[in-house]
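In: no letters, just coordinates:
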DNA sequence: GAGTGGTCTAGACCACGGT
DNA sequence: CCGTGGTCTAGACCACTCC
């Protein structure tokens, strides 16, 4: 057990998914949960808050914690922010995936690049361009910029494997947070050449800015992917 | 003042945006904020949590609350979940917008529709199909299903105005939460006819499932929009 | 070792829903 | 009116960062 509130959250989540509360569609009251788990009110409330953030329940003052109806996308898709590099997608599926490194070199950020990726002018960066194939089909192309001052010592071997494994094992900083932007744009010449677009002439774009725990941006990645294959979901309250 | 923690959050957010902490890029410690605002630790921590959720700061145990570097998309775009009906987009811009109601009638959910929109078979619903024009250009088309048992008494006049105003003013339930799914797909014949796609042959799709405070789905809307005009952003931690 | 944020407790009062 | 969740307080102990 790491955290009490995490434990209570896991327990309740399982019980909801198993349909334990399907008769009332309401969770037990906070008082009942306090007694059951032998804990304080704040701790129970934190667990319930996590369920809220998951989109599983909705708390109503004076009534109780209502369980939300299930919808189809809960199972088929994955959350925004788990859409990193395509790991989340192929994790539990039986597909052959392959990554081709198309470009890898250093450069200095100039004016126009600075506007695109929010890195300061003059910053020394690695550029990594990779193509992702699934079952031989070119599904997406990633262009990543890494700050050399933070992500030290990249080389061809690391690039071909997992850059994030390298960060975790060899570097002394933590990945803290990321911001994503999603767009649909007309395909460029390079997209037609590289991606299995078929008759489509547009691409989905997912831009990802990643922070370390000093609050510094260290990666900016743009993913261009083909239509009809991917979905992103999100949940919002109030 | 509604909430103390909300107040502290607003204050700190403004100070961050004004660059008050640009020298250290760290927020004052919790103890300092407790003294400054004359409040308890929990309340200060709730305010900081909101800043975390906004993607403005990141808390590090043992070091402090680090202010995240700014990136371009912070200003240009709007958050996922505010992408409702296009209100958020045109709110602060000087554009001529127009809505055309293309379809409005009742129907009963059958097997195939149930799979698409997660409503139970046999449920009686309103179908509303609308086209959104901005400066005379057909930017998006919305297809909405509303449960008649919850969203009562829709008519042509309400549809032409704002359905959500009708809900707020005349109906006795609250909008609680929503789930969204974002995709890119090949355009259909109807898209070519209705939308200002130009040479593009794909559309962005945003599906939205909306809940009331009883945990019941009452709306399922599919928005099909043209490329190159819209962006959605999200923020994730850990 | 000093100082920071993370977890947890035990209690109080308030606002809202349903009866 | 009672029971619910929402806000807030005051205090304790722990885990981590940095010097």
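Out: Received the coordinates, thanks. No experiment lies behind these values; they were computed from the predicted model shown.
In: the helix or strand hosting residue A:184 pairs with which strands, and in what direction?
Out: Applying DSSP states H and E as the criterion places residue A:184 in strand A:175-186. Sheet pairing for strand A:175-186, assigned by DSSP bridges, gives strand A:202-212 (antiparallel), strand B:231-237 (antiparallel).
In: just the pLDDT at residue A:10, thanks.
Out: Looking at residue A:10, its pLDDT reads 93.
In: how far away is the closest residue to residue A:124 other than its chain neighbours from DNA strand D?
Out: Spatial nearest neighbour of residue A:124, chain neighbours left out: residue A:148 (4.4 Å); criterion: Cβ to Cβ, 6 or more residues apart in numbering or on different chains. Backbone N, C-alpha and C define where each C-beta goes, glycine included. Applying Cβ to the nearest atom of the strand, to the nearest Å, the value for residue A:148 to DNA strand D is 21 Å.
In: residue A:125 now?
Out: From residue A:125 to DNA strand D the distance is 24 Å (Cβ to the nearest atom of the strand).
In: in terms of contact, does that residue touch residue A:114 like I think?
Out: No. Using Cβ atoms under 8 Å, residue A:125 is not in contact with residue A:114; the gap is 10.6 Å.
In: among the two, which residue is more densely surrounded?
Out: The neighbour count for residue A:125 versus residue A:114, taken as other Cβ atoms under 10 Å in any protein chain shown, is higher for residue A:125 (24 against 15).
In: report the mean confidence score over the strand or helix carrying the more buried one.
Out: Using DSSP H and E, residue A:125 maps to strand A:124-134. Mean per-residue pLDDT for strand A:124-134: 92.
In: what about the following helix or strand past it and chain B, touching?
Out: Using DSSP H and E, the helix or strand that follows strand A:124-134 towards the C-terminus is strand A:137-147. No. For strand A:137-147, no contact with chain B is found by Cβ under 8 Å from any Cβ of the partner chain; the gap never falls below 10.7 Å.
In: again, but for stretch A:48-60
Out: Yes. Under the criterion of Cβ under 8 Å from any Cβ, chain B is reached by stretch A:48-60 at A:55, A:57-58, A:60.
In: same question, stretch A:219-228
Out: Yes. Using Cβ under 8 Å from any Cβ, we find that stretch A:219-228 touches chain B at A:225, A:227-228.
In: where's the dip in pLDDT among those?
Out: pLDDT across those is at its lowest for residue A:228, which sits at 86.
In: tell me which helix or strand of chain A sits lowest on mean pLDDT?
Out: Counting by mean pLDDT, DSSP states H and E, chain A has its least confident helix or strand at helix A:87-90, which shows a mean of 36.
In: now for the one helix or strand residue A:99 maps to, which elements pack on it?
Out: Element membership for residue A:99, per DSSP H and E: strand A:97-108. Helices and strands touching strand A:97-108, by 3 or more Cβ pairs under 8 Å, 6 or more residues apart in numbering or on different chains; DSSP states H and E, are strand A:124-134, helix A:156-160.
In: give me that answer again for 10 Å
Out: Under the contact criterion of 3 or more Cβ pairs under 10 Å, 6 or more residues apart in numbering or on different chains; DSSP states H and E, strand A:97-108 touches helix A:87-90, strand A:124-134, strand A:137-147, helix A:156-160.
In: tell me the strands beside it, with direction?
Out: Using DSSP bridges, strand A:97-108 pairs in its sheet with strand A:124-134 (antiparallel).
In: within range of DNA strand C, give me the residues from chain A.
Out: Contact residues, chain A versus DNA strand C (Cβ under 7 Å from any atom of the strand): A:3-6, A:38-43, A:46, A:60-63.
In: farthest-apart pair in those residues, please.
Out: Greatest spatial distance among those (Cβ to Cβ): A:3 and A:62, at 28.8 Å.
In: the two: who's more crowded?
Out: residue A:3 (12 against 4).
In: domain ranges for chain A, per the record?
Out: A:4-70, A:75-225 (automatic domain parsing).
In: among the ones you listed, which gets the worst mean confidence?
Out: Lowest mean pLDDT within the domains of chain A: domain A:75-225, at a mean of 82.
In: distance-wise, check residue A:159 relative to residue A:146.
Out: Counting by Cβ to Cβ, to the nearest Å, the gap from residue A:159 to residue A:146 is 10 Å.
In: correction: residue A:204
Out: When residue A:204 is compared with residue A:146 (using Cβ to Cβ), they lie 23 Å apart.
In: before we move on, what about residue A:226?
Out: From residue A:226 across to residue A:146, the span is 25 Å (Cβ to Cβ).
In: and for residue A:177?
Out: Computed with Cβ to Cβ, the distance linking residue A:177 and residue A:146 is 16 Å.
In: now do residue A:112
Out: 19 Å.
In: more crowded one of these two?
Out: For residue A:112 versus residue A:146, neighbours defined as other Cβ under 10 Å are more numerous around residue A:146 (22 against 8).
In: mind listing what the nearest residue to residue A:123 once chain neighbours are set aside touches?
Out: Spatial nearest neighbour of residue A:123, excluding adjacent residues (Cβ to Cβ, 6+ apart): residue A:109 at 4.5 Å. Contact partners of residue A:109, counting by Cβ atoms under 10 Å, 6 or more residues apart in numbering or on different chains, are A:115-125, A:145, A:147.
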